[in-house]
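Engineer: Structure for this input, please:
(2 chains)
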Amino acid sequence: MSLVQGRRAADRSSRGHERWRGLAMAFPPIAVVGLFIGFPVVAALLYTFGYVGGPNETIASLGQDQVTGFPTAGAYGKVLGDPSARASIVATVVVTILTVLIVLVISWLVALYVRLTGSRFAKIVSALSVTPLFIPVVIASYAILTFYAPDGFLHDLATTLGLPGFPRVSYTLAAVTIGEVWVNLPFGVLLMTSGLHAVPNVLIDAARDVGSSLPRTVRDILIPMNIVPTVIVSTFTAIYVLGSFTVPYITGPNSPNLLGTAMTFSFMSYGRPQQAEVMSAIVFVFAAGIGTLYVWANVRSDRGAGARG
Amino acid sequence: MRWNRRTLAFAAAVILAGGLAACGGSNSTASSGAKGGPVTITLYLSGDVNIKGMWDNVVIPGFTKDNPGYKVNIVFSEHGVNDTVTLQRLTAAVKANQNSGADLYEAGFVQSAASAGLLAGVTTQDVPNLSKVSPAALQAVNGMAAPYRGSAVVLAYDSNHVTNPPKTMDDLLAWIKANPGKFTYNSPNSGGSGYAFAESVVDRYISPADLQTMDTTYDPQLESSWSKGLQELHGLTKSMYQGTYPNGNNAVLDLLGRGQIWMAPVWSDMALSGLSTGLLPSSVKLTQITDPAFTGGLVYLGIPKNIDQAHKLAVFKLENWMLDPAHQAQIVNAVKGFPAIEQTYLPSNTAQLFAGLDTSNLRANFEARTQNDLKQQWQTRVP
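Structural biologist: So this is what the prediction gives:
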C-alpha cells in the first residue's frame, strides 16, 4: 500500500516537474506575444474606453476629438453614431461575405476539377490560379483599377461587342471585392486542392462502383471529407478582408469603403487615433467570432485524427 | 538531453530578457560639450526619393565641404511611413527629456510638433539667413521651425483641350460644371493637392480674420463657417471624373497623363518632374488661379526642444547654409520646388523659373489639427 502510494506520489511529482519544464520552455514565446501583442492590445482597448493615462499618454496627447473619463463607451457611441462609419461597417461585412463565398466557389471548382480529371490542362488552371501569390498587392490593385476603368480593357471589349452602357467597376465596392478575391484565391486553391488530394481514391471509386453520380459523390464524400480546409479558407479569407487596406484604398470608392481604410484615415489623416482604435476593436470582435469557428474546425479535425488513429 | 533542453530554455529566457533590456535602455544624449564644434547631425527625413536625392547629392556634400568635420546622417522614411511612430517617439522623448533619436526633422508632422511645443525655437540671431524668409512663414509656426523649401499646388491642364484656362476660382468652378467628367482632385485625406483644392473652395466663405486665426490656431468653434464651402464641393461631385475622388496625388496625375481628365490641381514639383520624365505629355501646362490661389506649403525643419547645445548650434549652422541664396537655388533646381526665401534674394537665373508664379505669397494651409478636421468633414459630407 505504502509502496503504491509512494509510486503515485513520485508519478505526480514527475508529472508536476514535466509541467513546469513545459511551461519554462513555452515561456519565452508567450512572453514575447504577451509583451509585443497582448500589452499593446490591452492598452488600445483601455484607450477606446477613455483611459488616457499610462501607456496611452503619448498617443492621447496627439489625438483630437477624444472621449476621456475612464470607463466610458462614449468613443464607441461616437463612431457608431456616425453614419459614414456605420456605412463602412456594413460595407466591410458585405464585401467580406461576398469575397468568402466567391473564393470558396472558385477554389472548390478548381480543386474538384484538378482532383477528378488530373489532366494537364487542369494542372495549368490550378497553377494559374496560384499566380496572384507572386504579384505584389499594390501592383495587382492598380492593374485591377485600370483593367476595369472606363478606358480599360473590359469596357473597351463591352463597347466593341455593342454594349456601350457597361457599368464602371473601378472605384466601387465591386472592384474591391474583385481585388480581395484575387488576393485570397491562391490560398483557397492551394488548401482545397491538397485537401481533396487527401481523400483516398478508394472512396471515390467505391462510390462510383455502386453507381453514385458525380454530384452525389461530391456531396456525400468529397464535401464532408474536405470540410476542415473549407472552414480554414473561409476564416482566413474573412479575417484578411476585414483588416485589408491596400486593395480598398486603391480600387475602392471614397465612401463607404472598408474599415481598413477608414481606420487608417482616422489615424493618419484625421488625427483621431481613438476612433481608429474603436474601429479596430470592432474588427477585432468580428475576427474573434470568425476565429472561434477556426478553432472549432481545428478541434474537430484533431478529434477526427484521434478517432482514426 | 534533459539538461540540454533546460539550458536551452534558460538561454532563451536570458536572451529575451537581455534583448528587452537593450530595447528599453535609454540612449541618452551624448553631450559633447556646450561649445559648438564639428558633430554628426542625425536627420529624420520623410518624403519621396527625390527629396532624399536632393539631400544626398546637394545639401550634404555642399554643407560638409563648407564645414569640414561635420557629418549628416539621414534616417529615411519613404513616403512618411514611419511618421506617426516617429512623432510619438519625439513626443515621449521630449517629455522624458531623452534623446529622440534625431537632431533635425523634415516631415509633415513638424508643424504639429511645433504647435504641440515639442520643438526648439529658431530666431534670426540663431540663423541669420532666416531674415530672408517672409515673416508670415515664420509666424505660421510661431517661430518654432524654419522653412527651407516650398511647394505649391497649381492647376494643370491639357492644352490640347483647354485653350483658355481659368484664371480665378470662380472661372474654375464654372469650367468644372461646364465640362462634367473632365476634372477631379484626390480625396483630401490621401494627398495635399486634393486637400489644397478643397481648402481653397472652403476658404472663399471664411472672413479674412477667421482665416488668419485658423491658419495659426486650433479653434473648432470657427469650423461652422465651412458648411457653405463643403456644400459647394458636394455639388461638384456629380461633375467629377466618374463622380469619384481617387486616392493619392499620383492617381490624379495618372488620369491626367492618360488623357482621362483635362484639368486637375497638382503639386508643382510632382508635375514638373512628371513633365521632365514624360509621365505627363508636354501638352500639359501649369498655371495658378487667384481669388483665392490654391494653398501651398513650405517644408519646415524642426529641432527637438531638449537637444544638447552642441548639436543645436550645428543644426543652426546647417539651416543657415540651406537658406543661403546660392544654396536655395541649388535646392530649388534639384527638386523643382519653391524657394523658402523671398524671390528677390534668388540668383536671377533661378528666379526666372518662377516667372508668373508668386513664390513668396504661398497661401498657407490651416493649422495642422484644423486640417485634420476639414479632411474628416470632407469625407463625411462631400463624396
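Engineer: Okay, and residue 276 sits in which element?
Structural biologist: As the question left the chain open, I've gone with chain A. helix A:273-308 (DSSP states H and E).
Engineer: actually chain B
Structural biologist: helix B:268-277.
Engineer: tell me what the helix or strand that comes right after that helix is packed against?
Structural biologist: Note on helix B:268-277: by DSSP H and E, the next helix or strand toward the C-terminus is strand B:284-287. When contacts are defined as 3 or more Cβ pairs under 8 Å, 6 or more residues apart in numbering or on different chains; DSSP states H and E, strand B:284-287 packs onto strand B:146-158, helix B:268-277. Where you see a C-beta, it was placed from the backbone N, CA and C, and this is true even at glycine.
Engineer: The same query, at a cut-off of 6 Å, please.
Structural biologist: strand B:146-158 (3 or more Cβ pairs under 6 Å, 6 or more residues apart in numbering or on different chains; DSSP states H and E).
Engineer: Need the contact partners of the strand it packs on.
Structural biologist: With contacts defined as Cβ atoms under 6 Å, 6 or more residues apart in numbering or on different chains, strand B:146-158 is touched by B:122, B:137, B:165, B:193, B:196, B:262-269, B:271, B:283-289, B:294, B:296, B:298-301, B:319, B:322, B:331, B:337-338, B:340, B:362.
Engineer: Same question for stretch A:74-85.
Structural biologist: Here stretch A:74-85 makes contact (Cβ under 6 Å, 6+ apart) with A:48, A:67, A:255, A:274-275, A:278, B:380.
Engineer: Quick check on the residues you listed: which are buried?
Structural biologist: A:48, A:67, A:255, A:274-275, A:278 (16 or more other Cβ atoms under 10 Å in any protein chain shown).
Engineer: near chain B, from the residues you listed?
Structural biologist: A:S255 (Cβ under 6 Å from any Cβ of the partner chain).
Engineer: Pull out the CA atoms of the helix holding B:S276 and give them to me as PDB.
Structural biologist: Only the C-alpha atoms of helix B:268-277 are listed here, as PDB (Å, rounded to 0.1, in the frame of the first residue of the first chain):
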ATOM      1  CA  SER B 268       4.100  71.900 -58.700                       C
ATOM      2  CA  ASP B 269       7.100  69.700 -58.000                       C
ATOM      3  CA  MET B 270       5.400  66.400 -58.900                       C
ATOM      4  CA  ALA B 271       4.000  67.900 -62.100                       C
ATOM      5  CA  LEU B 272       7.300  69.400 -63.200                       C
ATOM      6  CA  SER B 273       9.200  66.200 -62.600                       C
ATOM      7  CA  GLY B 274       6.400  64.300 -64.400                       C
ATOM      8  CA  LEU B 275       6.800  66.600 -67.300                       C
ATOM      9  CA  SER B 276      10.600  66.100 -67.400                       C
ATOM     10  CA  THR B 277      10.300  62.300 -67.200                       C
END
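Engineer: Can you give the distance of it from its chain's centre?
Structural biologist: From the chain centre to the centre of helix B:268-277 is a distance of 17 Å (Cα atoms, centre = their mean, to the nearest Å).
Engineer: elements contacting it?
Structural biologist: Short answer (3+ Cβ pairs under 6 Å, 6+ apart): helix B:268-277 packs on strand B:146-158.
Engineer: ok, the strand it packs on: who's next to it in the sheet?
Structural biologist: strand B:263-267 (antiparallel), strand B:284-287 (antiparallel), strand B:296-302 (antiparallel), strand B:338-339 (antiparallel) (DSSP bridges).
Engineer: Taking their axis directions, that strand and helix B:268-277 sit at what angle?
Structural biologist: Strand B:146-158 runs at 60 degrees relative to helix B:268-277, counting by axes from the mean of the first three to the mean of the last three Cα atoms, to 10 degrees.
Engineer: buried set for the helix or strand following strand B:146-158?
Structural biologist: Next along the chain after strand B:146-158, taking DSSP H and E as the criterion, comes helix B:169-178. Neighbour-count burial for helix B:169-178 flags B:169, B:172-173, B:175-176 (criterion: 16+ other Cβ under 10 Å).
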